[in-house]
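Asks: Take this sequence and fold it.
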Amino acid sequence: MPHIVLEKAKSVRECYDAIDVMVEKIDGGILKITDKYINAKETSALLESVTVDKGKSQSFFIQLSSKGDAVTVRLLPLTDPEKTKGVKQLMGIVAKKIKELKPEISYGKTNLQDFIGE
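Replies: Alright, predicted model coming up:
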């Protein structure tokens, strides 16, 4: 399952606030975050997402979840989209936006190295 761990991210709330509804055009499609939700305890957030990649449209959720002093960006297993380049690019964009928030945040474990540019 694709994921990116953001080390030294203080909280899910901080990461959630860094993400806005967005639309980005890519070669052969679009990437969208259409809405976002956070639970009452602020330990988990969902980003409602849509990708259109080479004519294939997928709706799914990207999840932000806390573990210790890190926040993990991953796909919500219940929505389990095909792991296309567009899906991975959108996850990378989310991680980059959060990392830009604070200089102390760094990338930890990930299998999306090619999509975060480091």
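Asks: Stretch 19-39: end-to-end distance?
Replies: One end of stretch 19-39 to the other measures 16 Å (C-alpha to C-alpha, to the nearest Å).
Asks: Buried residues in it, which are they?
Replies: 19, 29, 31, 32, 33, 36, 38 (16 or more other C-beta atoms under 10 Å). Using the backbone N, CA and C atoms, a C-beta is placed for each residue, glycine as well.
Asks: I'd assumed residue 93 was in contact with residue 31.
Replies: Yes - counting by C-beta atoms under 8 Å, residue 31 touches residue 93, with 6.9 Å between them.
Asks: which neighbours do those two share?
Replies: Jointly contacting residue 31 and residue 93 under the rule C-beta atoms under 8 Å, 6 or more residues apart in numbering are 22, 24.
Asks: Out of the buried residues of stretch 19-39, which two sit at the greatest distance?
Replies: Farthest pair in these (C-beta to C-beta) is 29 and 38. Separation: 27.6 Å.
Asks: picking up where we left off before, from the buried residues of stretch 19-39, which has minimum pLDDT?
Replies: Within those, pLDDT reaches its minimum at residue 29, with 93.
Asks: do you know how far it is from residue 113?
Replies: 22 Å (C-beta to C-beta, to the nearest Å).
Asks: quick one: average pLDDT of the longest strand that the chain contains?
Replies: The residue-count maximum for a strand in the chain (DSSP state E) belongs to strand 56-67. The average pLDDT within strand 56-67 is 96.
Asks: Given the very next helix or strand once past that strand, what are its sheet partners and their directions?
Replies: Remark: after strand 56-67, the chain's next helix or strand is strand 70-75, criterion DSSP states H and E. Strand 70-75 has its sheet partners listed here by DSSP bridges as strand 3-7 (antiparallel), strand 56-67 (antiparallel).
Asks: Centre of the chain to the longest one, how far?
Replies: Spelled out, it's strand 56-67. Distance of strand 56-67 from the chain centroid (C-alpha atoms, centre = their mean, to the nearest Å) equals 6 Å.
Asks: which of the residues in that strand are buried?
Replies: By neighbour count on 16+ other C-beta under 10 Å, the buried set for strand 56-67 is 58, 60, 61, 62, 63, 64, 65, 66.
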